[in-house]
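Chemist: Structure here, sequence nowhere to be found:
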Ligand SMILES: [Zn+2]
C-alpha cells in the first residue's frame with residue numbers, strides 16, 4: 001500500500017544527499033541500493049545514469065533525473081503539515097527527487113501487495129539540468145520500451161506537459177585589443193563595449209506566447225585600468241514554433257554581421273547549436289491514454305499544459321520513445337522558495353502504482 005509516512009521519509013532522505021549536476025555518484029549508489037532492496041536490478045551505464053533494463057515485452061520506462069540545480073548542497077528539508085520546503089538557504093531539490101520518490105514508492109507498494117505489474121524499465125538520469133546530457137548519452141538500442149513516463153513537471157501529477165520548445169544555445173566570443181586605459185586608450189578596442197552594443201540590438205525576454213530569448217551570462221575584461229580585450233556572452237532562445245526559431249537565428253546572424261561591420265578590427269566568433277528539440281503530444285498516443293485512464297481511476301482531472309522548459313522527454317522522443325512528462329508535486333522549482341505538496345506527492349505515487357497495475 002502507498003504509505004504517506006514512507007514517502008515523506010524517502011523524499012527527505014534523498015533530498016539530503018547532495019547531487020548537483022556532475023556530482024551524482026552518491027545519489028546513484030543510493031538509488032541502485034534502494035532499487036535492489038525492492039527486487040530490481042539496476043546499474044550505472046557508461047555515462048553515469050542509473051538504468052534498469054527489462055527482458056519482458058510491452059515494457060514502459062519510468063524516469064526522473066538525479067541532479068539538482070544550485071544552491072543545492074547541505075539541503076535541510078523542513079516538513080510542516082502538507083508542505084516540505086528547504087530551510088530557505090538552498091533549493092529543496094524536489095526537482096526531481098519528488099519524481100524519484102513517486103517512482104520508488106509506486107514500485108515498493110506493488111511489491112508489498114504482491115501485485116503482478118507490467119514490465120518496467122527504470123532510468124534515473126545524470127546532468128539533466130545542465131543540458132539533458134545524461135539522456136543524450138543513454139544507449140537507446142539497449143532499451144525495450146517504446147513509451148515512457150517522466151516525472152519532472154511542476155505541480156500535481158495530473159498536469160501533463162503537452163508541448164515543449166526547441167532550444168538553441170549560443171556562445172559569442174568577442175576579441176578586441178588591450179591597451180592601458182589611462183595612457184593610450186586610443187590604441188585599444190573594448191570588447192565589453194562591443195558586447196554591450198550587440199546586446200542592445202538583440203531580442204530580450206518573452207518574444208511571443210511561445211518564444212523567449214535570453215543572454216544569461218556575460219564575462220570579460222581583466223583589470224580596471226586596461227581596455228578589455230575579450231568578452232564572452234552565453235545566451236539561448238526557445239520556441240514551440242520552428243519557423244520562429246529560424247527567424248530568430250537569422251536576426252542573431254544579422255546583428256552579428258552588423259556589429260562586425262561597425263567594429264572591423266575586432267574578432268567576433270559565434271557558436272550556435274541546438275540543445276533540445278520541440279515536441280507536441282498527439283491526442284491519440286496510447287501512452288497518453290494510459291496516463292489519462294490512470295488519472296481518472298484516481299479521480300484526478302488531466303490538465304494538458306505547454307511548457308517553456310525542456311526535459312529528458314525531448315531527448316527520449318527524438319530517439320523514438322513516446323514520452324509523457326507529468327507533474328511531481330513541486331512548486332517554485334529552481335528557487336529557494338521551492339516546495340513539495342505532500343498530498344500531491346502521495347497522488348504521484350498512487351499514479352505510478354496504477355500505471356504499473358494496468359495491463
Ligand atoms: Zn527537473
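Modeler: Looks like it arrived, so ask away. Just so we're clear, the structure is a prediction, and the values are computed from it rather than from any experiment.

Chemist: rest of the way, CA atoms for contacts and neighbours
Modeler: OK.

Chemist: from the chain's centre, how far out does stretch 240-257 sit?
Modeler: Centre-to-centre, stretch 240-257 and its host chain are 24 Å apart (Cα atoms, centre = their mean, to the nearest Å).

Chemist: My error: substitute stretch 9-29 in the last question.
Modeler: Offset of stretch 9-29 from its chain centre (Cα atoms, centre = their mean): 16 Å.

Chemist: Ok, stretch 121-131 next?
Modeler: Relative to its chain's centre, stretch 121-131 lies at 8 Å (Cα atoms, centre = their mean).

Chemist: For the stretch 101-250 of the chain, what lies in contact range of the ion?
Modeler: Within the stretch 101-250 of the chain, the positions near the ion by Cα under 5 Å from the ion are residue 152.

Chemist: ok, now which ones touch the residue in the stretch 101-250 of the chain that the ion sits nearest to?
Modeler: The stretch 101-250 of the chain approaches the ion most closely through residue 152 (4.9 Å), counting by Cα to the ion. In this structure, residue 152 makes contact with 64, 65, 95, 96, 99, 311, 325, 326, 327, 328, judged by Cα atoms under 8 Å, 6 or more residues apart in numbering.

Chemist: residue in the stretch 251-359 of the chain nearest to the ion?
Modeler: Going by Cα to the ion, the ion is nearest to residue 311 of the stretch 251-359 of the chain, at 6.8 Å.

Chemist: Leaving out the residues flanking it, which one is nearest to that residue?
Modeler: Spatial nearest neighbour of residue 311, excluding adjacent residues (Cα to Cα, 6 or more residues apart in numbering): residue 132 at 6.8 Å.

Chemist: pLDDT score for the one you found?
Modeler: For residue 132, the pLDDT comes out at 95.

Chemist: List the neighbours of the helix ranked longest in the chain that are in contact with it.
Modeler: The longest helix of the chain (DSSP state H) is helix 242-262. When contacts are defined by Cα under 8 Å, 6+ apart, helix 242-262 is touched by residues 166, 194, 197-198, 201-202, 211, 237-239, 266-268.

Chemist: residue contacts, the residue nearest to residue 42 when sequence neighbours are not counted?
Modeler: Of all residues not flanking residue 42 in the chain, residue 52 sits nearest, at 4.1 Å (Cα to Cα, 6+ apart). Listed by Cα under 8 Å, 6+ apart, the contact set of residue 52 reads 40, 41, 42, 43, 121, 122, 123.

Chemist: Narrow those to those in strands?
Modeler: 43, 121, 122, 123 (DSSP state E).

Chemist: Dump these into a markdown table; add neighbour count and pLDDT as well.
Modeler: A markdown table is the format used below for these (neighbours: other Cα atoms under 10 Å; pLDDT from 0 to 100):
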| residue | neighbour count | pLDDT |
| --- | --- | --- |
| 43 | 19 | 97 |
| 121 | 21 | 97 |
| 122 | 23 | 98 |
| 123 | 26 | 98 |
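
Chemist: what's the farthest-apart pair in the residues you listed?
Modeler: Pairwise distances across the ones in strands among the contacts of residue 52 (Cα to Cα) peak at 11.8 Å, for the pair 43 and 121.

Chemist: so what sits against both of the two?
Modeler: 51, 52.

Chemist: okay, the residue of the stretch 101-250 of the chain closest to the ion: pLDDT?
Modeler: Confidence at residue 152, expressed as pLDDT, is 98.

Chemist: one step back: so what does the residue of the stretch 251-359 of the chain closest to the ion have for phi and psi?
Modeler: Main-chain dihedrals, residue 311, degrees, to the nearest 10: phi -140, psi 180.

Chemist: With residue 170 instead?
Modeler: Main-chain dihedrals, residue 170, degrees, to the nearest 10: phi -140, psi 150.

Chemist: Give me the distance between it and residue 237.
Modeler: For residue 170, the distance to residue 237 equals 9 Å [Cα to Cα, to the nearest Å].

Chemist: more neighbours, those two?
Modeler: Higher neighbour count among residue 170 and residue 237: residue 237, with 25 against 17, using other Cα atoms under 10 Å.

Chemist: shouldn't the more buried one be in contact with residue 168?
Modeler: Yes. Residue 237 is within contact range of residue 168, at 5.4 Å (criterion: Cα atoms under 8 Å).

Chemist: Which secondary structure state is assigned to residue 157?
Modeler: For residue 157, the secondary-structure state derived from DSSP: H, G, I helix; E, B strand; the rest coil is coil.

Chemist: if you skip the residues just before and after it, what's nearest to it?
Modeler: Excluding the flanking residues, the one nearest residue 157 by Cα to Cα, 6+ apart is residue 327, at 4.0 Å.
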